[in-house]
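Novice: only geometry, no sequence info:
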C-alpha cells in the first residue's frame, strides 16, 4: 500500500530490514555509518553532584548502555528510523525496581503488528516531546501501555507536519545498493561467458553443398566437418562457430568466393570493463551520499581522491554526522532523565558547580555525553586549540580530556587517589642522608 509521499513507512522499514541481511553492500554501509557515529568509546563526562553521578553510573552499567547503543540501538535507528525505549511498567505486570536500584530498560519492535504511538502537539513540536503514550496490542488480545515517564521516543524526520513517526535513515540507499549488486552480478556473468567463449570461428558455407551421400544439404555436412575439431576443447573453454554464406551473385548467376574468407577471432576478455567500472563507482558514490554523505574512500573505493581532496570531501559527512550525533544525544538525555527522576524524584535538584549552593532540576542540566570526535581538524590542530583554551581558562579539564578523545569519567576514576605530580625541580621524596654524618640530622 502506497503512502502519502510514495512508499508507506512500513514498506520502507521492511525493505531496509530485508536488505540489511541479503545485500552485503547495504549492510556494510549501514554498519560503517553507525560506527562513524558512535564508534566503540561512547561514554559520558563527570557530574559535580555525587548523587547524580551514582545514578548515571548505575543505570549505564546495569543496561550495558554502550554495548546496547553500538550493537543494537544505532542499527535499528538506521533501519527503522524510530527508537522506542521503555521502562518497567506496573500496569503491564512488570516488577518495579526500588529507588535504590537501577531500572532495566527494553526496546520495542516498532514494526510489529499492533504497535502505535499516541501524540499531542500540546506537549511540544518535536517527536520526542509530542508522543504521550506507546501502545502494543498483541495478537492474543493483551494490551500493553507505557505512559509519560515510562518511555523515551526518537524518530528520524519525526515531528514534520506534526507526524510523530519516523522514516528509515538508510532507505534512500536501498535501491542504489540493489543496483550496485545487480550490475556487479551482470559483470560477473559477462566474465563467466567470456571465460568459456575463447573465440568465434567464421566458417564459409557453400549453399550448393551436399552431404556424404551426395544429396544437397545447403552445406550443413561441410560445416559440421569444419567445426568438429573444436569439440576437443576443455570444458571451461569453447569456440563459437558461425556460418557465413556468400551473398554476392555475378551476372551469370554463379556465386563468387574470392571476397569471402574464413577466420578465427579470439575475444579480448572483459571488454567494456572500464565503462562498467565507471558506472559502479558512480553508483557506489550515490550509496555513500544517500546513507549520510560518506565519501567513496570511506567505502573502500579510492577513485581519484588524494589525501588533500579526501579531507575536503569528508566535510559534508562531518557536518551531517554531527547533526545525527546531536539527535542521538537528545534521545540519551531523555532516557537518563526518566531514570534520574524515578530514582531521585521528579522535584529533585542537583549541584552543577562545585562548592556552589545553587541546585537545578535535571531538566535544566545538560548531560555530558561524549561521542567519538568527528571533525576535519588534524591532531596537531586539536592539540593547539585545546592547549590555548586551557591556558586562558576557557574550558574545563574534563572538556579538554574529551576533546582529545579520552574518556573523562574513566580518566577521572584513575586519577582519584593518585598523588599530584611534583612541580618541576622538586624531588618526589626526601633526599637520603648525606654520607659521613652518622645518619643524624
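Specialist: Now that the structure is in, tell me what you want to look at. Given the structure is predicted, the values throughout are model-derived calculations rather than measurements.
Novice: What is the least confident helix or strand in this protein?
Specialist: In the chain, no helix or strand scores lower on mean pLDDT, DSSP states H and E than helix 307-313, which sits at a mean of 46.
Novice: Whichever helix or strand comes after that one: which residues count as buried?
Specialist: Elements were assigned by DSSP states H and E; along the chain past helix 307-313, the next helix or strand is helix 315-344. Within helix 315-344, the residues that count as buried by 16 or more other C-beta atoms under 10 Å are 317-318, 320-321, 324-325, 327-329, 331-344. (C-beta placed from N, C-alpha, C; glycine too.)
Novice: Need the residues that contact the helix or strand that comes right after helix 315-344.
Specialist: As assigned by DSSP H and E, the chain's next helix or strand after helix 315-344 is strand 349-351. Strand 349-351 has contacts (C-beta atoms under 8 Å, 6 or more residues apart in numbering) with 47-49, 51-52, 344, 357-362, 365.
Novice: Also stretch 127-137?
Specialist: 84, 86, 108, 112, 114-121, 123-124, 143-148, 151-155, 158-159, 162, 164-166, 330-331, 334.
Novice: repeat that with 7 Å
Specialist: For stretch 127-137, the external contacting residues (C-beta atoms under 7 Å, 6 or more residues apart in numbering) are 84, 86, 108, 114-121, 123-124, 143-148, 151, 153-155, 158-159, 164, 166, 330-331, 334.
Novice: Now list the buried members of these.
Specialist: 84, 86, 108, 115, 117, 119, 144, 146, 151, 153-155, 158-159, 164, 166, 331, 334.
Novice: thinking again about what came up before, among the contacts of stretch 127-137, name the ones in strands.
Specialist: 84, 86, 115-119, 143-146, 151, 153-155 (DSSP state E).
Novice: what about the host helix or strand of residue 68, average pLDDT?
Specialist: Here residue 68, judged by DSSP H and E, is contained in helix 65-68. Averaging pLDDT along helix 65-68 yields 92.
Novice: Number the chain from 630, please
Specialist: Taking 630 as the first residue, the last one we looked at is helix 694-697.
Novice: Check which residues of that helix are buried.
Specialist: Buried residues in helix 694-697, defined by neighbour count with 16+ other C-beta under 10 Å: 694-695, 697.
Novice: What pLDDT is listed against residue 988?
Specialist: 90.
Novice: Kindly provide the distance from the residue nearest to it when sequence neighbours are not counted to residue 768.
Specialist: Residue nearest to residue 988 in three dimensions, not counting chain neighbours: residue 978, with 3.6 Å by C-beta to C-beta, 6 or more residues apart in numbering. Using C-beta to C-beta, to the nearest Å, residue 978 is found at 45 Å from residue 768.
Novice: Have a look at these two and say which one is more surrounded.
Specialist: Taking other C-beta atoms under 10 Å, residue 978 and residue 768 do not tie; residue 978 has more neighbours (16 against 8).
Novice: And that one, how far from residue 1025?
Specialist: Taking C-beta to C-beta, one finds residue 978 at 21 Å from residue 1025.
Novice: can you give me the helices in the stretch 680-829 of the chain?
Specialist: 694-697, 703-709, 756-759, 803-825 (DSSP state H, counting those that start in this stretch).
Novice: now these in JSON lines, with distance to residue 730?
Specialist: Below are the helices of the stretch 680-829 of the chain laid out as JSON lines (distance: least, C-beta to C-beta, whole Å):
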{"stretch": "helix 694-697", "distance to residue 730": "16"}
{"stretch": "helix 703-709", "distance to residue 730": "27"}
{"stretch": "helix 756-759", "distance to residue 730": "26"}
{"stretch": "helix 803-825", "distance to residue 730": "43"}
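Novice: Which stretch among those is buried most, on average?
Specialist: helix 703-709 (a mean of 23; mean count of other C-beta atoms under 10 Å).
Novice: ok, and what's touching it?
Specialist: By C-beta under 7 Å, 6+ apart, helix 703-709 touches 642, 645-646, 649, 659, 662-663, 666-667, 712, 739-740, 797-799.
Novice: Scan these and report the most crowded one.
Specialist: residue 799 (29 neighbours).
Novice: now residue 972, nearest residue through space, not along the chain?
Specialist: Leaving aside its sequence neighbours, residue 972 is closest to residue 684 (5.0 Å, by C-beta to C-beta, 6+ apart).
Novice: wait, that neighbour sits on residue 971?
Specialist: No - counting by C-beta atoms under 7 Å, residue 971 is not a contact partner of residue 684; they are 9.2 Å apart.
Novice: List the residues that contact residue 786.
Specialist: Contacts for residue 786 (C-beta under 7 Å, 6+ apart) come out as 710, 795-796.
Novice: can you put those in TSV and add distance to residue 1032 and pLDDT?
Specialist: Shown next, in TSV, are these (distance: C-beta to C-beta, whole Å; pLDDT from 0 to 100):
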residue	distance to residue 1032	pLDDT
710	31	93
795	31	92
796	33	91
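Novice: could the residues you listed go into TSV alongside distance to residue 730?
Specialist: Putting the contacts of residue 786 into TSV (distance: C-beta to C-beta, whole Å) gives the following:
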residue	distance to residue 730
710	33
795	32
796	37
